[in-house]
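[1] Got a predicted model here, sequence first, then my questions.
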Amino acid sequence: MYFQEILILSLIILVIATFIDLILGELPKKIHPVVFIGKIIDLFLKYLIEFKNKISGFFLTLLVSIFILFFFSVILWISSYNIILFVIVSSILLSSTFSINMLLSSANSIKDDLDNDIESARKSMSYLVSRNTLELDEPLIISATIETLSENITDSVISPIFYYILATILFILAITIDNIFNLNFFNFFSNNLTINIIFFAVLVSIFYRIINTLDAMVGYKNQKYFYIGYFPAKLDDILNYLPARFGGILVVLAAFLYKKNNFNYKNSYEIMLRDARNCPSPNSGFTMAAVAGALDISLIKKGVYKIGNSDNILKKEDISNAVKLSNLTIILSILLLILIFTLFILIL
């Protein structure tokens, strides 16, 4: 039927999007979709933050989502009149929802800064974390770098790709059910069924990025954002629930594949099970704990959590090892998600 065509075009777009991110990195700020999302959030935030009620967060999420998804729907709809243009536009938009290049390069940059002077590392670190970095010593900077890197394996890579593929699978299932029961619900798609499915899958991935950006901007339990940040933070927790646990398991698998490099996959699994819930977030601890266990280190955020067993002082080489482990985890996540998607199509 259409399924092989959907599979091929979906994977082509995902592969192109991945290469865009790996080779070109982030889009310029003036045209970056996530920067645009942030500006729209700020636009609605300044009005809705005045309402000291958790419902304000719901309306912030609703209004931002409607505005952003409509805007990008128009762009995708215009591009859909030419298949090559549609593939290019879809790939660029999808690439903006994840950030492999920046995630890995940011960690390497902190290590380079530490090789020069600690003040540069503190300044660079301040752009990546919300904690005060002015008095962090070298081990705590290394810890914060590895925490940020490992946590964002889920947020910056696995989740947006997971939801792109999941959305495609769900639409295909809906079409299958539609055909079995002769509901004719999808007749309005006419001959553009494949394009429309990918159209909506890209929008689902963008929706995930909207929620994640909202959480990053307002999802704090302080006086200013407590009410308006509640709903987007909870929704972000829900959306990251499965990808975070999937990511944690993949870190363990990556450690197993790297076991000749003294990565401890057994400890990675044990620490993940034991310490993943030490973090205030119900999700971020899974990849963080798995990485800490694999590298036999402790990750510490003073007054908040400690993850891992080792009392060894963290070294700059630990950042390099974390990057290596994260890189393989990301590769495995993309390959396994593609494999699951392919097997699903073949079974149908």
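    Done, it's in. Residues are numbered from 1 along each chain as shown.
[2] where in the stretch 1-150 of the chain is pLDDT low?
    Low-confidence segments of the stretch 1-150 of the chain (pLDDT under 70): 1-2.
[3] Show me what the host helix or strand of I340 is packed against.
    Under the criterion of DSSP states H and E, I340 resides in helix 316-347. Using 3 or more Cβ pairs under 8 Å, 6 or more residues apart in numbering; DSSP states H and E, the elements in contact with helix 316-347 are helix 3-19, helix 100-116, helix 138-153, helix 159-180, helix 230-257, helix 285-295. Heads up, the C-betas are built off the backbone N, CA and C, glycines and all.
[4] Now it: buried residues?
    316, 318-319, 321-326, 328-330, 332-334, 337-338, 341, 344-345 (16 or more other Cβ atoms under 10 Å).
[5] what angle sits between that helix and helix 138-153?
    Orientation check (axes from the mean of the first three to the mean of the last three Cα atoms, to 10 degrees): helix 316-347 against helix 138-153 gives 10 degrees.
[6] ok so, going back, nearest to D42 among the helices and strands packed on helix 316-347 would be which one?
    Nearest of these to D42, taken as Cβ to Cβ: helix 230-257 at 13.9 Å.
[7] That closest one vs helix 316-347, what angle?
    Relative orientation of helix 230-257 versus helix 316-347 (the same axes, to 10 degrees): 100 degrees.
[8] Toward the C-terminus, what is the element adjacent to helix 230-257?
    The helix or strand immediately downstream of helix 230-257 is helix 265-275, counting by DSSP H and E.
[9] tally of neighbours for A254?
    Residues lying near A254 (other Cβ atoms under 10 Å) number 27.
[10] wait, it sits on A322?
    No - using Cβ atoms under 8 Å, A254 makes no contact with A322, being 11.1 Å away.
[11] Return the distance of F86 relative to I16.
    Applying Cβ to Cβ, to the nearest Å, the value for F86 to I16 is 12 Å.
[12] wait, I meant L235
    Separation of L235 from I16 (Cβ to Cβ) stands at 29 Å.
[13] now I169
    As judged by Cβ to Cβ, I169 and I16 stand 20 Å apart.
[14] Same question for S73.
    Distance, S73 to I16, by Cβ to Cβ: 20 Å.
[15] gap between P280 and Y208?
    Plainly put, P280 is 21 Å away from Y208 if you go by Cβ to Cβ.
[16] These two - which one has more neighbours?
    It is Y208, of P280 and Y208, that has more neighbours when counted by other Cβ under 10 Å, with 26 against 11.
[17] wait, what's in contact with the more buried one?
    T97, S159, P160, Y163, L239 (Cβ atoms under 8 Å, 6 or more residues apart in numbering).
[18] Now it: closest residue in space that isn't a chain neighbour?
    Spatial nearest neighbour of Y208, excluding adjacent residues (Cβ to Cβ, 6 or more residues apart in numbering): Y163 at 4.7 Å.
[19] That neighbour: neighbour count?
    22.
[20] quick one, what contacts it?
    Contact analysis of Y163 by Cβ under 8 Å, 6+ apart lists V204, S205, F207, Y208, L239.
[21] correct me, but the first one touches I165?
    No - under the criterion of Cβ under 8 Å, V204 is not in contact with I165, lying 9.7 Å apart.
[22] the more surrounded of the two?
    I165 (23 against 19).
[23] just to revisit the earlier point, please say which of L235 and I16 ends up with more neighbours.
    Neighbours per residue (other Cβ under 10 Å) separate L235 from I16, with L235 holding more: 20 against 17.
[24] which residues sit in contact with the more buried one?
    Going by Cβ under 8 Å, 6+ apart, L235 touches T61, I211, D215.
[25] Name only those of those residues that count as buried.
    Neighbour counting with 16+ other Cβ under 10 Å marks T61, I211, D215 as buried within these.
[26] Format those as TSV; extra columns: distance to I92.
    Listed next are those as TSV, based on distance: Cβ to Cβ, whole Å:
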residue	distance to I92
T61	25
I211	21
D215	24
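[27] how far away is N312 from F86?
    Going from N312 to F86 by Cβ to Cβ gives 52 Å.
[28] okay, those two: which has more neighbours?
    Set N312 next to F86 and count neighbours by other Cβ under 10 Å: F86 wins out with 22 against 13.
[29] then the strand or helix carrying the more buried one to PDB, C-alphas only?
    Assigned by DSSP H and E, F86 belongs to helix 83-95. Extracted C-alpha coordinates of helix 83-95, given in PDB (Å, rounded to 0.1, in the frame of the first residue of the first chain):
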ATOM      1  CA  ILE A  83       8.000  17.200  -3.100                       C
ATOM      2  CA  ILE A  84      11.700  18.300  -3.200                       C
ATOM      3  CA  LEU A  85      10.900  21.600  -1.400                       C
ATOM      4  CA  PHE A  86       8.700  19.700   1.100                       C
ATOM      5  CA  VAL A  87      11.500  17.300   1.900                       C
ATOM      6  CA  ILE A  88      14.000  20.200   2.400                       C
ATOM      7  CA  VAL A  89      11.600  22.300   4.600                       C
ATOM      8  CA  SER A  90      10.500  19.300   6.600                       C
ATOM      9  CA  SER A  91      14.100  18.200   7.200                       C
ATOM     10  CA  ILE A  92      15.200  21.700   8.300                       C
ATOM     11  CA  LEU A  93      12.200  22.000  10.700                       C
ATOM     12  CA  LEU A  94      12.800  18.500  12.100                       C
ATOM     13  CA  SER A  95      16.500  19.200  12.600                       C
END
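[30] just checking, what packs against that helix?
    In this structure, helix 83-95 packs against helix 3-19, helix 55-79, helix 193-218, with contacts taken as 3+ Cβ pairs under 8 Å, 6+ apart.
[31] Cheers, nothing more for now.
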